[in-house]
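In: Here you go, sequence then predicted model.
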Amino acid sequence: QVQLVESGGGLVQPGGSLRLSCTVSGFTLYGYAIGWFRQAPGKEREGVSCISNTFNTTDSEDSRFTISADNAKNTVYLQMNNLKPEDTGVYYCAAERFMGRTCASVARRYEVWGQGTQVTVSS
């Protein structure tokens with residue numbers, strides 16, 4: 001069974017950091033792109049970052065966020081630094097069967113989604 005499970009969310013003060021994890025099961029990362037998305041209350045889901053695990057290439061919408069993968073652990077990470085209140089939301093990871101070099105954080109391309117993890121940035 002293909003499954004993605006996010007973890008690592010929580011409450012953090014502005015300027016702080018969090019590292020989110022997305023652990024996949026039922027498939028290996030090679031041949032897939034993994035994307036991170038977030039959804040704030042009352043807003044549409046938006047792409048944050050993605051990684052093409054075939055070529056280990058990445059794309060991020062914000063330089064404060066860094067995506068990486070540990071193929072041995074079947075886990076993709078999202079390191080988030082200098083967090084701001086507007087980063088608050090539910091963060092999701094998702095998988096797309098993708099063998100290309102340049103991934104894209106476009107939600108409609110992704111086929112399997114995790115349940116999400118809450119990130120709250122507040123003092």
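Out: Thanks, I have the structure now. Numbers count the residues shown, from 1 in each chain.

In: show me the contacts for I67.
Out: By C-beta atoms under 8 Å, 6 or more residues apart in numbering, the contact list for I67 reads 34, 36, 49-51, 58, 60, 76-79. The way it works is simple: take the backbone N, C-alpha and C, and place the C-beta from them, glycine included.

In: Going by distance to G15, which of these wins?
Out: Nearest to G15 among the contacts of I67, counting by C-beta to C-beta, is Q79 at 14.7 Å.

In: contacting residues for that closest one?
Out: By C-beta under 8 Å, 6+ apart, the contact list for Q79 reads 17, 19, 65-68.

In: if you set the cut-off to 10 Å instead, what comes out?
Out: For Q79, the contact set (C-beta atoms under 10 Å, 6 or more residues apart in numbering) comprises 8, 17-20, 49, 64-68.

In: Same check on G114?
Out: G114 is in contact with 3-7, 22-24, 34, 36-37, 91-95, counting by C-beta under 10 Å, 6+ apart.
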